[in-house]
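S.K.: can't give you the sequence, but here's the structure:
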């Protein structure tokens, strides 16, 4: 099978959506499919091609800014340039499927599909427009956020439902429900995320260290764990929270840390490499994941891969992935006292952390492995190609 992937970012360290597309490419390549990836040129990043994966970088050159979307102009340039390159690839390599990431790649994929008749699948990781009516106002209030983008994204989320898309791929039942609320009539196929098989880091967890890894944006709800640490620090003055990642909400979070006089307990690292991420997770008592809006939460699997449990908000999709008191704890996202209680419980009882982390590792291996992900991906592609053949016969 020959597959054309469209994604503005193509990295395993910058976000879950990008990780998914790199996993798709590598899973297909391992199984002798041919893959072409059209992605923006990213400042200070290079990508490794293989015999079965060809990477075409296009202008504009982008810099990753903590999950902030590219500008309107950069998005238009991506659509035009990926369409230009995509036409050449489709013409020369008999492409069977176009598979796009959401937003601008989805528009480019739709235009390509319209003119070439190649079936198009797009991946939607999460939907924001159905949540709090003040969501985009809050988004625009963060540091260095484009007000224009904040106005355009909700419009584009709804517009995307009308694109030339044969099927929508998403990563959780929770996001499928959110997409349906936008009124789409297109079929939706759920394939849970996976992470590639890698060795567990051999490290002794520090019972007084916990970690948050992810973008620093307001809906990740990091304030609740900062406030919880104020409570925890009264009983354990040496407790440490490592916040790894960056984003437009960082300055607000740092101000809160200073206000609560927690500078000795909470450390901001900025971005970490893939190897640094693994070590941080392996050395921490648990991962804290207080997000209130999420498509899946890939970092949950990354924590389980290092046999560490996850304390997360008690809401889908986290509550669909984590089994409370078995592979982690599920907590009211707005109750810092409950977060503090569970953090203290794990500090006092490292054996509970180890047991839940090992249980999470077993769930990862059985339910979120790369082989199963590949099987589901190929089944989705085959179904699309089968319906395409039926329509043209």
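M.R.: Here it is on my side, so go on. As the structure is a prediction and not an experimental result, all values here were calculated from the model.

S.K.: Out of the helices and strands in this structure, which is least certain?
M.R.: Least confident helix or strand of the chain, by mean pLDDT, DSSP states H and E, is helix 147-160 with a mean of 70.

S.K.: Look up phi and psi at the closest residue to residue 206 other than its chain neighbours.
M.R.: Using C-beta to C-beta, 6 or more residues apart in numbering and skipping the chain neighbours, the partner closest in space to residue 206 is residue 283 (5.8 Å). Backbone N, C-alpha and C define where each C-beta goes, glycine included. Dihedral pair for residue 283: phi -90, psi 0, per degrees, to the nearest 10.

S.K.: what residues are up against residue 283?
M.R.: By C-beta atoms under 8 Å, 6 or more residues apart in numbering, the contact list for residue 283 reads 203-206, 209.

S.K.: Just put those in TSV and tack on pLDDT and neighbour count.
M.R.: Output for these, formatted as TSV (pLDDT from 0 to 100; neighbours: other C-beta atoms under 10 Å):
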residue	pLDDT	neighbour count
203	84	15
204	87	8
205	91	21
206	94	15
209	98	18
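
S.K.: among those residues, which are in strands?
M.R.: Judged by DSSP state E, the contacts of residue 283 include residue 209 as members of strands.

S.K.: would a markdown table of the contacts of residue 283 with distance to residue 334 be doable?
M.R.: As requested, those are exported to a markdown table (distance: C-beta to C-beta, whole Å):
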| residue | distance to residue 334 |
| --- | --- |
| 203 | 33 |
| 204 | 34 |
| 205 | 28 |
| 206 | 28 |
| 209 | 25 |
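
S.K.: quick one: which of the contacts of residue 283 is nearest residue 134?
M.R.: residue 209 (34.8 Å; C-beta to C-beta).

S.K.: quick one: the closest one and residue 286 touch, right?
M.R.: No: with contacts counted by C-beta atoms under 8 Å, residue 209 stays clear of residue 286, the gap being 9.3 Å.

S.K.: what's the overlap in contacts for these two?
M.R.: Counting by C-beta under 8 Å, 6+ apart, residue 209 and residue 286 have no contacts in common.

S.K.: just to revisit the earlier point, against residue 196, how distant is the residue nearest to residue 206?
M.R.: To residue 196, residue 283 is 21 Å away according to C-beta to C-beta, to the nearest Å.

S.K.: same thing with residue 267?
M.R.: Applying C-beta to C-beta to residue 267 and residue 196 gives a distance of 28 Å.

S.K.: Could you do residue 32 as well?
M.R.: To residue 196, residue 32 is 18 Å away according to C-beta to C-beta.

S.K.: who's more crowded, those two?
M.R.: residue 196 (15 against 9; other C-beta atoms under 10 Å).

S.K.: Surely the more buried one is in a strand?
M.R.: No: Residue 196 is assigned coil when assessed by DSSP: H, G, I helix; E, B strand; the rest coil, not a strand.

S.K.: Can you read off the pLDDT for it?
M.R.: We have a pLDDT of 82 for residue 196.

S.K.: now residue 382
M.R.: pLDDT, residue 382: 96.

S.K.: do the one 10 residues further on as well
M.R.: What the model reports for residue 392 is a pLDDT of 52.

S.K.: Then residue 335?
M.R.: Residue 335 carries a pLDDT value of 98.

S.K.: Could you count how many residues lie near it?
M.R.: As a burial measure, residue 335 scores 14 neighbours (other C-beta under 10 Å).

S.K.: In contact with it, which residues?
M.R.: Counting by C-beta under 8 Å, 6+ apart, residue 335 touches residue 224.

S.K.: And for residue 198?
M.R.: 278, 305 are the contacts of residue 198 under C-beta under 8 Å, 6+ apart.

S.K.: Go again with 10 Å.
M.R.: Residue 198 sits next to 274, 278, 302, 305-306 when contact means C-beta atoms under 10 Å, 6 or more residues apart in numbering.

S.K.: How about residue 221?
M.R.: Residue 221 makes contact with 289-293, 313, 333-334 under the criterion C-beta under 10 Å, 6+ apart.

S.K.: Give the closest residue to it in space, chain neighbours not counted.
M.R.: Closest residue to residue 221 apart from its sequence neighbours, by C-beta to C-beta, 6+ apart: residue 290 at 4.3 Å.

S.K.: can you count the residues close to that neighbour?
M.R.: For residue 290, the neighbour count with other C-beta under 10 Å is 23.

S.K.: Hmm, residue 224 and it touching each other?
M.R.: Yes: the pair residue 290 and residue 224 passes the contact test of C-beta atoms under 10 Å, sitting 5.0 Å apart.

S.K.: list the residues that contact both of those two?
M.R.: Taking C-beta under 10 Å, 6+ apart as the criterion, residue 290 and residue 224 both touch 313, 331, 333-334, 336, 339.

S.K.: Wasn't residue 384 part of a strand?
M.R.: No: Residue 384: not assigned to a strand; according to three-state DSSP it is helix.

S.K.: Could I get the full set of helices for the chain?
M.R.: Taking DSSP state H to define them, one finds helices in the chain at 16-30, 72-93, 104-116, 135-140, 147-160, 173-181, 223-235, 250-259, 274-283, 298-305, 318-321, 336-348, 350-367, 370-392.

S.K.: In the shortest one, which residues are buried?
M.R.: Within helix 318-321, the residues that count as buried by 16 or more other C-beta atoms under 10 Å are 318, 321.

S.K.: Go ahead and build a PyMOL selection from the buried members of the contacts of residue 221.
M.R.: Those of these that count as buried under 16+ other C-beta under 10 Å are selected in PyMOL with:
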select buried, resi 289+290+291+292+293+313+333
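
S.K.: Thank you kindly, that will do.
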